[in-house]
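Q: task: produce atomic coordinates for the following.
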Amino acid sequence: MNSRYPFASFYPTGLLAVTGDCPSKINTPVRQEADVVAVCVHTLGFWPRNSLVLLTVGSPGVGPLLRIDLPVAGGDDYGEYFDFFLSQLPQSATNADPNNRLFAVFFGSTADEMDKERELAAPYSLDYAECSDNNFIDQVQALIPSLHRCLVNHSIDLIDVIAVGHRFLWALHPPELTLLPATPTASVVDSPIYREMFEQGSDVARSHEEFLEKYLWDPMETADVVRRDSWLAHTEFAALGYLTQKAESDVGEYHQIRAELMMWDAALQRGVEVVLGYRSLGVDSPKDLARPPHRDVVSPAPADLIRTVLNQDVGAYLIASLNSTATVQLVIYLACTGLQEALAALENISCRLEETATVGLDKSQTTPVLPQKSSLNRYGLDRKSLLNPVETKGPADGAAIASMASKLCGHDTQSPNWDRLAALCAIATILEEAAHHKPESLLKLAQAWAHWLQGKSTLADYLLRAVEPVHHGNEPTVLHRVLDAGVLPAWLSARPQPNI
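A: Presented below is the predicted three-dimensional model:
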């Protein structure tokens, strides 16, 4: 096959996929426009609409990428738009070599190869008189000069601009920076890369909505309906009991939150074991258990596995722990880092409130509400371990709370703990089915925040929309603000860390 990119010996090996579907190694090089589009849609897991995909290229290969909404048409200068998002791109690959080249791939409002009527009508016809793409191509053409200037300012080489229209892929023809038809959009499915990724188990949803249905696995899926329903009923009832007990008891907030963080940490450790167990079965995420990875392996329902990790009493206790936005933020920080870091942040918060003459967290030595003794034993805990005071550097040390703020706001250049975040999402998804009112909303908030910290802004925004504002004080959280500003966590554009 003749290569549109004769210098391009790169392969899709550097991808940071948003799903477990995207294979880690592809043996086919990128040679044509259809190959580039195939990499984009398989990495995203869906055909985007009205989007710009910036696909980076470094020495290891193609990827990772950034998908963003197209700007509103009619602007005079789109330089600020491109400057902002170019600054969000990962700057280096896993071997620390720079990602200093990219493809800019524009997708229109009807750019999906799953339109069977279109394919049957003219599967490979290059009828350039077709006018259905004209408005979209005019919009992309108006963006190219600003994009080109910004790339020069950022010292990034532009390999190609590809516009994915309803019928055709359009490619850039320098030096005029003009788009011309290259090949039918339907040819993407015949790309060698598309076929290889599909054969390796990758799939592409027709739309983002369809992708979410596939990616967000069903917490109600089960191999035993009676057992599932019993777990949900008992957990829901016990959670209400713990909430009532906390409301009626004169319990010091500090010790209560501390005990709850220790239980969350124990649950996350068990959840990580489940996540790693998926990988030992040859799958990368809970949703992949819906299809057996090997013919000789019978895969259990992922929700059943999580319910096995969380007995009814522990699940109820964790639901009841989420009765404030501050607590859920500590839980998210706990998942990003570890128990000692979260406990130190809790101590710093208490000391900071006392130093500023604010009513601090009550540290009275009343015994906090705890799970049943059998549950503590199951997690290798006892009442004594949950009641021991936390060791800190001293009341004046505010490093822990500063670290927590940096992590939750996305300023930290160190990547979070992916396995613990995945475990948090899985546990929160299951508990949400047995929760009501504020705990239910805050479990959804925890999932959204965890996904954003992993670089999945679109999914985070989708989940955040389901959180009732009244349950976070009718004020936007930090996550609302960073999503509204289009900000990504800083670690995505810093040098990759060992645990990525």
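
Q: please make it C-alpha for all contacts and neighbour counts, starting now.
A: OK.

Q: beyond the helix ranked longest in the chain, next helix or strand please.
A: The helix spanning the most residues in the chain, taking DSSP state H as the definition, is helix 253-280. Sequence-wise, the next helix or strand downstream of helix 253-280 (DSSP states H and E) is helix 302-309.

Q: what packs against that next one?
A: helix 253-280, helix 418-432 (3 or more C-alpha pairs under 8 Å, 6 or more residues apart in numbering; DSSP states H and E).

Q: quick one on the thing from earlier: go through the longest helix of the chain and flag the buried ones.
A: By neighbour count on 16 or more other C-alpha atoms under 10 Å, the buried set for helix 253-280 is 253-276, 278.

Q: for residue 136, which non-adjacent residue is spatially closest?
A: Of all residues not flanking residue 136 in the chain, residue 108 sits nearest, at 6.3 Å (C-alpha to C-alpha, 6 or more residues apart in numbering).

Q: ok, that neighbour - contacts?
A: 49, 50, 51, 136, 163, 164, 165, 166 (C-alpha atoms under 8 Å, 6 or more residues apart in numbering).

Q: just give the number of residues close to the third one.
A: Using other C-alpha atoms under 10 Å, the number of residues around residue 51 comes to 19.

Q: neighbours of residue 385, how many?
A: Quick note: residue 385 (other C-alpha under 10 Å) scores 12 neighbours.

Q: quick check, it in a helix?
A: Yes - assigned with DSSP: H, G, I helix; E, B strand; the rest coil, residue 385 falls within a helix.

Q: so how far is residue 137 from it?
A: Going from residue 385 to residue 137 by C-alpha to C-alpha, to the nearest Å gives 64 Å.

Q: residues near residue 135, how many?
A: With other C-alpha under 10 Å as criterion, residue 135 counts 12.

Q: and if you look at the one 3 residues further on?
A: In terms of burial, residue 138 registers 11 neighbours under the definition other C-alpha under 10 Å.

Q: now do the same for it: helix, strand or coil?
A: Once three-state DSSP is applied, residue 138 turns out helix.

Q: how about the secondary structure of residue 36?
A: Classified using three-state DSSP, residue 36 is helix.

Q: confidence score at the residue nearest to it when sequence neighbours are not counted?
A: Leaving aside its chain neighbours, residue 36 sits nearest to residue 30 (6.4 Å; criterion: C-alpha to C-alpha, 6+ apart). The per-residue pLDDT reported for residue 30 equals 83.

Q: in a helix, residue 30, correct?
A: No - Residue 30: not assigned to a helix; according to three-state DSSP it is coil.

Q: for it, phi and psi?
A: phi -80, psi 120 (degrees, to the nearest 10).

Q: right, and it touches residue 37 too?
A: No - counting by C-alpha atoms under 8 Å, residue 30 sits too far from residue 37 to count as a contact (9.9 Å).

Q: more neighbours: the two, which one.
A: residue 37 (29 against 26).

Q: that one is in contact with residue 105, isn't it?
A: Yes - shown here, residue 37 and residue 105 form a contact pair, counting by C-alpha under 8 Å, at 7.4 Å.

Q: quick one: find the helix or strand in the chain with the lowest mean pLDDT.
A: helix 116-121 (a mean of 42; mean pLDDT, DSSP states H and E).

Q: what segments of this structure are strands?
A: Along the chain, the segments classed as strands by DSSP state E run 51-58, 61-69, 101-107, 157-164, 168-173, 178-184.

Q: and the second one, which strands flank it?
A: It stands for strand 61-69. Strand pairing for strand 61-69, determined by DSSP bridges: strand 51-58 (antiparallel).

Q: run the chain-centre distance for the strand it pairs with.
A: 18 Å (C-alpha atoms, centre = their mean, to the nearest Å).

Q: do stretch 465-482 as well
A: For stretch 465-482 - counting by C-alpha atoms, centre = their mean - the centre lies 18 Å from the chain centre.

Q: kindly export it (C-alpha atoms) in PDB.
A: C-alpha atoms of stretch 465-482 as PDB (Å, rounded to 0.1, in the frame of the first residue of the first chain):
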ATOM      1  CA  ARG A 465     -25.000  16.100  35.900                       C
ATOM      2  CA  ALA A 466     -26.900  13.400  38.000                       C
ATOM      3  CA  VAL A 467     -25.700  14.900  41.300                       C
ATOM      4  CA  GLU A 468     -28.400  16.900  43.000                       C
ATOM      5  CA  PRO A 469     -27.100  20.400  43.800                       C
ATOM      6  CA  VAL A 470     -28.900  20.500  47.200                       C
ATOM      7  CA  HIS A 471     -26.600  17.700  48.300                       C
ATOM      8  CA  HIS A 472     -23.500  19.800  47.900                       C
ATOM      9  CA  GLY A 473     -24.900  22.900  49.400                       C
ATOM     10  CA  ASN A 474     -26.300  24.300  46.200                       C
ATOM     11  CA  GLU A 475     -22.800  25.600  45.500                       C
ATOM     12  CA  PRO A 476     -20.500  24.300  42.700                       C
ATOM     13  CA  THR A 477     -17.800  21.900  43.900                       C
ATOM     14  CA  VAL A 478     -14.200  22.200  42.700                       C
ATOM     15  CA  LEU A 479     -15.000  19.500  40.200                       C
ATOM     16  CA  HIS A 480     -17.800  21.600  38.700                       C
ATOM     17  CA  ARG A 481     -15.400  24.500  38.300                       C
ATOM     18  CA  VAL A 482     -12.600  22.600  36.600                       C
END
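
Q: still on that earlier bit, report the inter-axis angle for the longest helix of the chain versus helix 418-432.
A: If you take axes from the mean of the first three to the mean of the last three C-alpha atoms, to 10 degrees, helix 253-280 sits at 110 degrees to helix 418-432.

Q: show me what helix 253-280 is packed against.
A: For helix 253-280, the packing partners by 3+ C-alpha pairs under 8 Å, 6+ apart come out as helix 302-309, helix 312-321, helix 325-336, helix 339-355, helix 383-387, helix 418-432.

Q: please point out which parts of the third one sit buried.
A: If you call a residue buried by 16+ other C-alpha under 10 Å, then helix 325-336 has these buried ones: 325, 327, 328, 329, 330, 331, 332, 333, 334, 335, 336.

Q: for it, which outside residues touch it?
A: 257, 261, 264-265, 268, 321-322, 341-342, 345-346, 404, 407-408, 416-418, 420-421, 424, 442-443, 446, 449-450, 472.

Q: on that earlier part again, check the buried residues of helix 325-336 and tell me the two furthest apart.
A: 325 and 336 (16.7 Å; C-alpha to C-alpha).

Q: picking that back up, rank the helices and strands packed on helix 302-309 by pLDDT, which is bottom?
A: helix 253-280 (a mean of 84).

Q: distance between it and the chain's centre?
A: With C-alpha atoms, centre = their mean, you get 20 Å for helix 253-280.

Q: same thing with stretch 436-449?
A: Distance, centroid of stretch 436-449 to centroid of chain: 16 Å (C-alpha atoms, centre = their mean).

Q: tabulate the helices and strands packed on helix 302-309 (a markdown table), appending distance to residue 45.
A: Output for those, formatted as a markdown table (distance: least, C-alpha to C-alpha, whole Å):
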| stretch | distance to residue 45 |
| --- | --- |
| helix 253-280 | 19 |
| helix 418-432 | 18 |
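
Q: residue 317: which of these is closest?
A: Nearest of those (C-alpha to C-alpha): helix 253-280, 8.0 Å.

Q: contact partners for residue 160?
A: 102, 103, 104, 171, 172.

Q: give me the ChimeraX select line for those, limited to the buried ones.
A: Entered in ChimeraX, the line below selects the buried ones among the contacts of residue 160, by 16+ other C-alpha under 10 Å:
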select :102,103,104,171,172
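
Q: with pLDDT and distance to residue 430 as added columns, please give the contacts of residue 160 in TSV.
A: Below are these laid out as TSV (pLDDT from 0 to 100; distance: C-alpha to C-alpha, whole Å):
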residue	pLDDT	distance to residue 430
102	89	39
103	92	39
104	94	39
171	93	46
172	90	48
